[in-house]
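Visitor: need the 3D shape of this:
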Amino acid sequence: MSETAVAEVTGLRISYRAGARRVVVADDVSFRLEPGRTLGLVGESGSGKSTVARTLLGHLRAGSFVDAGSVTVLGEDVFALPSERLRRLRGAEVSLVSQNAGHALTPSMRVGAQIREALAVHGLPCDDARIVELLTLVRLPSPASLARRHAHELSGGQQQRVAIAMAVATNPKILVLDEPTTALDVVTQAAVLALVDDLRATLGMAVLIVSHDLGVVSAVADEMLVLDHGRVVEHGPTTEVLHTPRADETRTLIQAAPRIHGVDMPAVRDLAEADVVVRCRDVDVRYPRAATLAVHGVDLELRRGETVAIVGESGSGKSTVAAALAGLVPVERGDAHLWTADGARHDLLGVAGRRPLDVRRSVQLVFQNADLALNPRRTVGDAIARPLSVFRRARGRAAQRDVVSRLLTEVGLSPDVALRLPAQLSGGQRQRVGIARALAAEPSVLIADEITTALDVSVQAEVLALLDDLRRARGLSCLFISHDLAVVRSVADRIVVMNEGRVVETAPTASLFASPRHPYTRMLLDAVVEPGHTDLPSSDADSRVLDLDPAAALVDVGDGHRVRADRGARTTP
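Guide: Numbers count the residues shown, from 1 in each chain. Here you go, the predicted model:
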């Protein structure tokens, strides 16, 4: 081990048994971590990046084996340590921040109590002052008050900051971050990345960040290591790897990454004369028992064959609009209508259970998390066949099997997948199954709610291309919900930007990117991190106060571009 390195992985080979086979997860992986520097570990799902990163804490999945090589932390071979020493290593010298802080935090314990417990385990001072100090360190507002809350009372970004506070509480030498920003909107992501970078510099930690997002790695990592099927295909300074990649696998990842600059716009389709399929006017939505509205006075129009994207931060109201149109929550006030193929107009105000069968069939929702949307005990074929029965699209098992096979083929999967359980599929495959299940109803409107958030960049690109192909082939109208303007640029005809439950800007895609007029839209664009850009967005991006006037109206500035007349908005043509 070098004199300066705090950790060194040398020739690491990990495998696990799958029946009679031995599956290699990592093969001859080597790298070192230096104090005050960040290494980015990137690769597609299944590349072995999380498995390799967690070996620094001595973690191996059940049934896995270290076949060769070593993992040395602070001069000690991790896998040769006695259990008591390994327990002290975890948390005290190497800390882990997982992908989903909401799952990592105990729901029944207050935030302060969880931090106190983490400190006490390592025999460190755990009084209220230290807890407030740690929450202040990670830039959480009103830390004393926040310490008394439970995890579910915090936003996703706040939960992730609490997890980081717990991880750095022991002043570890190494901080491992496993996909720490995957579930966060771009503004919150930018703030969390800036926080991690500041903590690295302040505390002198070595940081290992695992991500499928090259923009994230580009913004914070000094070096990056690219894994493909468990093998290192490229390793070097981040700027060098991104600007002059040598491996085909690296080039594929870079080409698949969504960008807000320098990408081809989708071909402009003549949709002005296309029939309207969904129209909302002055819609308010309130969740049961909520004191305030989640959506205020939203106007929205979706035409046949059109893709409209709704973007905004977490809590902006974008997913609530999707839920209301799908009938998961009722509309409290306003008008929402659907026009079916026969020209008939139908109400979309009530919940799905009270809508006519044909209306329910016509509007289908693809959920963000396919893991939770699919029954783990039912086969893929059963999941897709259910809407065929509910909406009477195919009668008899033989007919249903034929339709299921056709749908799986249409979304790019083998018909054999029908016999598998969801756990036997990758994340991208499960999301394709979710799309196939929605298509089984033969809808006219498909709502995709953050469906690419948890997917690596190449799979994300494939799913976006699939949606566009399906829209063209079936004449679907698509409502695409996302927090990432870079993602929607390649698929949307028009973009609707929401903040605090209100529409603040709406425009054709080309117009919005060429001339964003509302300060909130500009903030979203500024927060996007792209491969090759090493500057972090402003660290206070998530704390900017936007002066939204409840009485402000949307002003038409020409060519279908409308902007809310708030302070800082450009409302002149």
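
Visitor: CA atoms for contacts and neighbours, from now on please.
Guide: OK.

Visitor: center of this structure - which residue?
Guide: Residue closest to the average C-alpha location in the chain (Cα atoms, centre = their mean): Thr453, at 2.8 Å.

Visitor: per-residue pLDDT, that residue?
Guide: In this model, Thr453 is scored at 81, pLDDT.

Visitor: what is the strand or helix carrying Ile447 packed up against?
Guide: Assigned by DSSP states H and E, Ile447 belongs to strand 445-449. Helices and strands touching strand 445-449, by 3 or more Cα pairs under 8 Å, 6 or more residues apart in numbering; DSSP states H and E, are helix 318-326, strand 363-366, strand 477-482.

Visitor: quick one: which of these is nearest Val73?
Guide: With Cα to Cα as the measure, strand 477-482 is the member of those nearest Val73 (39.7 Å).

Visitor: what's the following helix or strand past that closest one in contact with?
Guide: Downstream of strand 477-482, the next assigned helix or strand under DSSP H and E is helix 485-488. For helix 485-488, the external contacting residues (Cα atoms under 8 Å, 6 or more residues apart in numbering) are 258-260, 309, 311, 480, 482, 524-525, 528.

Visitor: go again with 10 Å.
Guide: 186, 257-261, 263, 307-312, 452-453, 457, 460-461, 464, 480-482, 492, 494-495, 497, 509, 513, 521, 524-525, 527-530 (Cα atoms under 10 Å, 6 or more residues apart in numbering).

Visitor: weed out the non-buried ones from those residues.
Guide: Buried residues within the contacts of helix 485-488, counting neighbours by 16 or more other Cα atoms under 10 Å: 186, 257-260, 307-312, 452-453, 457, 460-461, 464, 480-482, 492, 494-495, 497, 509, 513, 521, 524-525, 527-530.

Visitor: just those: which are in strands?
Guide: 307-311, 480-482, 494-495, 497 (DSSP state E).

Visitor: mind picking the lowest-pLDDT entry from the residues you listed?
Guide: Ranked by pLDDT, these bottom out at Ser482 (92).

Visitor: name the residues linked to that residue by a beta bridge.
Guide: Val311 (DSSP bridges).

Visitor: so it sits against Thr452, correct?
Guide: Yes. The pair Ser482 / Thr452 is scored as a contact, 8.5 Å apart, by Cα atoms under 10 Å.

Visitor: what is in contact with these two at once?
Guide: Gln368.

Visitor: buried sites along the helix or strand bottoming out on mean pLDDT in the chain?
Guide: Using mean pLDDT, DSSP states H and E, the weakest-scoring helix or strand in the chain turns out to be helix 101-104, at a mean of 78. Of all the residues in helix 101-104, those buried under the rule 16+ other Cα under 10 Å are 101-102.

Visitor: please apply the same query to stretch 84-100.
Guide: So, applying 16+ other Cα under 10 Å, buried residues of stretch 84-100: 86, 89-100.

Visitor: for stretch 236-245, same thing?
Guide: Buried residues in stretch 236-245, defined by neighbour count with 16+ other Cα under 10 Å: 238-239, 241-242, 245.

Visitor: and which of those residues is nearest Leu439?
Guide: Among the buried residues of stretch 236-245, Leu242 lies closest to Leu439 (Cα to Cα), at 38.1 Å.

Visitor: shouldn't the closest one be within a strand?
Guide: No. Per DSSP: H, G, I helix; E, B strand; the rest coil, Leu242 lies outside any strand segment and is helix.

Visitor: what number of residues lie near the residue nearest to Ser458 when sequence neighbours are not counted?
Guide: Spatial nearest neighbour of Ser458, excluding adjacent residues (Cα to Cα, 6 or more residues apart in numbering): Ala256 at 5.2 Å. Ala256 has 16 neighbouring residues, counting by other Cα atoms under 10 Å.

Visitor: can you check Gly69 too?
Guide: 16.

Visitor: do the one 10 residues further on as well
Guide: Neighbourhood size, Phe79 [other Cα under 10 Å]: 18.

Visitor: and it, what's its pLDDT?
Guide: Model confidence at Phe79 (pLDDT) stands at 94.

Visitor: now swap in Gln99 and tell me
Guide: Taking Gln99 on its own, its pLDDT is 77.

Visitor: just checking, it touches Pro180?
Guide: Yes. Counting by Cα under 10 Å, Gln99 does reach Pro180; the two are 4.6 Å apart.

Visitor: may I see the buried residues of stretch 236-245 arranged in CSV, with distance to Arg22 and pLDDT as well?
Guide: What follows is the buried residues of stretch 236-245, written out as CSV (distance: Cα to Cα, whole Å; pLDDT from 0 to 100):
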residue, distance to Arg22, pLDDT
Thr238, 33, 96
Thr239, 36, 94
Val241, 32, 96
Leu242, 34, 94
Pro245, 32, 95
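
Visitor: in CSV, list the residues you listed along with distance to Val23.
Guide: Below are the buried residues of stretch 236-245 laid out as CSV (distance: Cα to Cα, whole Å):
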residue, distance to Val23
Thr238, 30
Thr239, 33
Val241, 29
Leu242, 30
Pro245, 28
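
Visitor: if we can go back for a sec, common neighbours of Gln99 and Pro180, please.
Guide: What both Gln99 and Pro180 touch, as defined by Cα under 10 Å, 6+ apart, is the set 160, 210-211.

Visitor: which one among the residues you listed gets closest to Pro356?
Guide: Nearest to Pro356 out of these is Gln160 (Cα to Cα; 42.1 Å).

Visitor: starting at the chain centroid, how far to stretch 383-400?
Guide: Offset of stretch 383-400 from its chain centre (Cα atoms, centre = their mean, to the nearest Å): 32 Å.

Visitor: could you tell me the end-to-end distance of it?
Guide: End-to-end distance for stretch 383-400, by Cα to Cα, to the nearest Å: 11 Å.

Visitor: what pLDDT, on average, does it get?
Guide: 87.

Visitor: quick one: contacts of it?
Guide: Residues outside stretch 383-400 that contact it (Cα under 10 Å, 6+ apart) are 357-358, 360-361, 373-376, 379, 381-382, 401-408, 418, 421-422, 433-442.

Visitor: one more time with 8 Å
Guide: Under Cα under 8 Å, 6+ apart, the answer for stretch 383-400 is 357-358, 361, 374-375, 401, 403-404, 433, 436-438, 440-441.
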